[in-house]
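Enquirer: The sequence isn't on hand, but the structure is:
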């Protein structure tokens, strides 16, 4: 006969006692335990504190509560039978970094042969609760699991900037190397504040000497099958980055065999505003429609600056990955006027230089590159000033400002025409389209005494008037400052 006993006592893990008995058999010149040998065993565990399990879950996670368990084994080594009970009280799970705080938990489970039955699990979060039942075990040597969860006004997140209370049901099942997550959840109350930006991080191509390289990503051993319905309810608020809105709607999220999740449904702005350039824009219409990839919903949003003669704002269409932004107004006015009413609260009449600079910045921030350049040109011309582009850091082969409405462009010969670094030079290109006689440029409308009182923007022959800027540049600055490229540099750029 073989008998054994193990006793462990510790201030952290608690107490553990185990007994076991069987018989030894002498076969083929050796002692061993045969498959038909009887099996008898018992294990009793008493853990007054589960705080040590928090170390297994990572930094910032704390666990509390106590656990008591008893297990017994019978039958034979070839056909064992197991029974047992697990009871836990005062369970707590805290993850302050994400606002997770669950407490007053209780767990009751039974072990029957190769199946662990979760008879009941309850946890409190805020004024609500989470309960669950299910089982876990082995089927033909493959793990299987099924757990049904029910949330009743459960406070899932409790941070000041991330508060979420949910109700609903969900089910987690593992079978045949698939993890299936399904359910229906509704947000009873939510306040989510968006962060200003992610923390700085190293670029993925940066290699730190002395630090072992990160292991490559491994494929998941189980394929995820997702089938979830989310309803935002009537008290879901989203704040941050200028947005303050109450959202409503519902979305169904699906995925099959580990594929990219897809979504169907829509989320709308029930009421809200957006702050930009010191102004509060009222969201007249805000709809995000999901019908495919979860990261690329369709956008249908209109936000206006209200309570002024011309209510101006922006309309956002397209999709999240390819948004299309246009200016709108009521009543309809030209785009340059729309932007002026949106940013400044008045039309382009009597716009100051500082306000004009703000309009150009707004055009570049609100619209796509081609659209903003065209609008900036219209704004500039409406204000009677030219659009001059400094293009010294981009090649004219790829970036062509004149095609987008620029009047004058400055290019670098050193960087893009030569590229060899042996010559220094630049060029100024005049599109020949701006009216320099509009009245805001005295160098072109007042007499130039050095050229017998010539008014460059008025007195030139009609075919030359569009070239007033570049003609004056070729003469007056060249004469006064000697702004002429050296012949040897010219020769090098032409090679």
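Expert: Okay, I see it. Computed from a prediction, not measured in an experiment: that's the story for all the values here.

Enquirer: Which strand in the chain has the most residues?
Expert: If you go by DSSP state E, the chain has its longest strand at strand 142-159.

Enquirer: what separates that one from the chain centre, distance-wise?
Expert: Relative to the chain's own centre, strand 142-159 is displaced by 25 Å; criterion: CA atoms, centre = their mean, to the nearest Å.

Enquirer: What residues sit buried inside it?
Expert: 144, 146, 147, 149, 150, 151, 154, 155, 156, 157, 158, 159 (16 or more other CB atoms under 10 Å). In short, each C-beta sits where N, CA and C put it, glycine included.

Enquirer: Equivalent analysis for stretch 447-459, please.
Expert: For stretch 447-459, the neighbour count (16+ other CB under 10 Å) marks 448, 455, 456, 457, 459 as buried.

Enquirer: distance of the nearest residue to residue 396 once chain neighbours are set aside from residue 188?
Expert: Take residue 396 and drop its neighbours on the chain: the residue closest to it by CB to CB, 6 or more residues apart in numbering is residue 411, 5.5 Å away. Separation of residue 411 from residue 188 (CB to CB, to the nearest Å) stands at 61 Å.

Enquirer: just residue 487 next, same as before
Expert: 79 Å.

Enquirer: Neighbour count: the two, which is higher?
Expert: residue 188 (19 against 8; other CB atoms under 10 Å).

Enquirer: Can you list the low-confidence ranges for the stretch 51-200 of the chain?
Expert: 196-200 (pLDDT under 70).

Enquirer: Mind doing that once more with 80?
Expert: 58-59, 139-141, 176, 194-200 (pLDDT under 80).

Enquirer: In it, what residue spans correspond to strands?
Expert: Remark: strands assigned in the stretch 51-200 of the chain by DSSP state E, counting those that start in this stretch are 62-75, 80-95, 100-112, 115-125, 128-139, 142-159, 162-175, 178-193.

Enquirer: Give the buried residues for whichever helix or strand comes after the last one.
Expert: Note on strand 178-193: by DSSP states H and E, the next helix or strand toward the C-terminus is strand 223-231. Residues 223, 225, 226, 227, 228, 229, 230, 231 are the ones in strand 223-231 that count as buried (16+ other CB under 10 Å).

Enquirer: Identify the residue spatially nearest to the fourth one, adjacent ones excluded.
Expert: Spatial nearest neighbour of residue 227, chain neighbours left out: residue 182 (4.1 Å); criterion: CB to CB, 6+ apart.

Enquirer: tell me the contacts of that neighbour?
Expert: Contacts for residue 182 (CB atoms under 8 Å, 6 or more residues apart in numbering) come out as 170, 171, 173, 226, 227, 228.

Enquirer: Please apply the same query to residue 393.
Expert: Per CB under 8 Å, 6+ apart, neighbours of residue 393: 412, 415.

Enquirer: Next one: residue 277, what pLDDT does it get?
Expert: Per-residue confidence at residue 277 stands at 64 (pLDDT).

Enquirer: same question, residue 331
Expert: Looking at residue 331, its pLDDT is 93.

Enquirer: And it, how close does it get to residue 299?
Expert: For residue 331, the distance to residue 299 - CB to CB - is 25 Å.

Enquirer: Which one's more surrounded, those two?
Expert: More crowded of residue 331 and residue 299, by other CB under 10 Å: residue 299, with 19 against 7.

Enquirer: what's the pLDDT at residue 416?
Expert: Reading off the model, residue 416 has pLDDT 81.

Enquirer: got it, and residue 258?
Expert: Reported pLDDT for residue 258: 69.
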